[in-house]
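In: give me a model of this one.
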Amino acid sequence: MFTELWEPWRSSAFETEFSRLRVTYAGEQVLELRWNRANNFSVVLFKLGGWKTAL
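Out: Got it, this is the predicted structure:
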C-alpha cells in the first residue's frame, strides 16, 4: 500500500488549487480525494476491494 498526500506548498495558494490524497494498493490506484481552500471536497476515485482491510 502506498499513500501520497500533496498540498500546495505556498500559503498564498489560490482557492482553486487543490490538495490531494491518493492511495495505491498492489500497483492500482484505489482512492483519490481532493479538496481546496474554498471548502470544495470531492471523491475522485473509490474502488471497492480488499485494500480496505490493509488499512
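In: sort out which residues of the worst-scoring helix or strand of the chain on mean pLDDT are buried, please.
Out: The weakest-scoring helix or strand in the chain, judged by mean pLDDT, DSSP states H and E, is helix 51-54 (a mean of 74). Of all the residues in helix 51-54, those buried under the rule 16 or more other CB atoms under 10 Å are Trp51. Quick note: C-beta positions are derived from backbone N, CA and C, even for glycine.
In: in space, what's closest to the most centrally placed residue in the chain - neighbours in sequence excluded?
Out: Centroid check for the chain by CA atoms, centre = their mean gives Leu21 as the closest residue, at 2.1 Å. Spatial nearest neighbour of Leu21, excluding adjacent residues (CB to CB, 6 or more residues apart in numbering): Leu33 at 4.6 Å.
In: pretty sure the one you found belongs to a strand, no?
Out: Yes - counting by DSSP: H, G, I helix; E, B strand; the rest coil, Leu33 is located in a strand.
In: list the contacts for it?
Out: The neighbourhood of Leu33, defined by CB atoms under 8 Å, 6 or more residues apart in numbering, consists of Arg20, Leu21, Phe41, Ser42, Val43, Val44.
In: restricted to strands, list those.
Out: Arg20, Leu21, Phe41, Ser42, Val43, Val44 (DSSP state E).
In: of the contacts of Leu33, which is the nearest to Leu5?
Out: Of all those, Leu5 sits closest to Leu21, with 5.4 Å by CB to CB.
In: ok, that closest one to Ser12 distance?
Out: 22 Å (CB to CB, to the nearest Å).
In: bridging residues for the residue nearest to the centre of the chain?
Out: Applying DSSP bridges to Leu21 yields these beta-bridge partners: Leu5, Leu33.
In: use 52 as the first number from now on
Out: Will do, 52 is the new start, and the previous item becomes Leu72.
In: how far out from the middle of the chain is stretch 86-93?
Out: Stretch 86-93 sits 12 Å away from the centroid of its parent chain (CA atoms, centre = their mean, to the nearest Å).
In: buried residues in it, which are they?
Out: Buried-residue list, stretch 86-93, by 16+ other CB under 10 Å: Asn87.
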